[in-house]
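Chemist: I would like the atomic coordinates for the input below:
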Amino acid sequence: MKRKNRKWFWNVVLGLSVLLSLLAFMLHYHNWTRLEPDRMQIISGFYYRELPYKDITAVEWSQKLPQMEREHGFSAGSREKGVFKDSLYPERKVYVYVDDLRQQKIKLTYSDSIYIYMNFTDSLETVSMYHLLREKIKAGEN
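Modeler: The predicted structure is shown next:
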């Protein structure tokens, strides 16, 4: 009997590709935030923003995302992550960290011209983040 020559190299490449794809999906699947006394960090896969509370100029609720054009990002089901261009002002970048498009989103205006839309899978976590950011802005105004 002739022994089959297994293509072990291609099996390893295929396995690593599947593993890397699953890892990238897991990294983008959820928004992680780190709250520090003077700033907030938003991490979602490859997307990372550091927001000093003193630079956040407005916090509002938004039911829908505005019409935008994606520069680069990630989209799966009701999740939307990435960097977008505003359709009215193409030079303006909009950062989106949305875990559930069906729920309301927090709209942050940062440094007077940068917009960030974010929410979490858990709507209670989104509401508590909204109230925390409102308190930080009020504390900074005083």
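
Chemist: so the spatially most central residue of the chain bridges to which residues?
Modeler: Nearest residue to the geometric centre of the chain (C-alpha atoms, centre = their mean): residue 97, 2.4 Å. Beta bridges link residue 97 to residue 81, residue 118, judged by DSSP bridges.

Chemist: Next, the contact list for residue 134, please.
Modeler: residue 59 (C-beta atoms under 8 Å, 6 or more residues apart in numbering). Every residue, glycine included, has its C-beta placed from N, CA and C.

Chemist: Where does it sit: helix, strand or coil?
Modeler: Using DSSP: H, G, I helix; E, B strand; the rest coil, the structure places residue 134 in helix.

Chemist: Quick check: the gap between the residue nearest to the centre of the chain and residue 24.
Modeler: Using C-beta to C-beta, to the nearest Å, residue 97 is found at 16 Å from residue 24.

Chemist: what do you get for residue 126?
Modeler: 24 Å.

Chemist: Counting neighbours, go ahead and name the busier of those two.
Modeler: In this view residue 126 and residue 24 are compared by other C-beta atoms under 10 Å, and residue 126 has more residues nearby, 21 against 13.

Chemist: Leaving out the residues flanking it, which one is nearest to that one?
Modeler: Closest residue to residue 126 apart from its sequence neighbours, by C-beta to C-beta, 6 or more residues apart in numbering: residue 119 at 4.5 Å.

Chemist: what residues are up against the one you found?
Modeler: Contacts of residue 119 (C-beta under 8 Å, 6+ apart): 31, 97-100, 103-106, 126.

Chemist: taking those one by one, which sit in strands?
Modeler: In strands, judged by DSSP state E, the following of the contacts of residue 119 are found: 97-98, 105-106.
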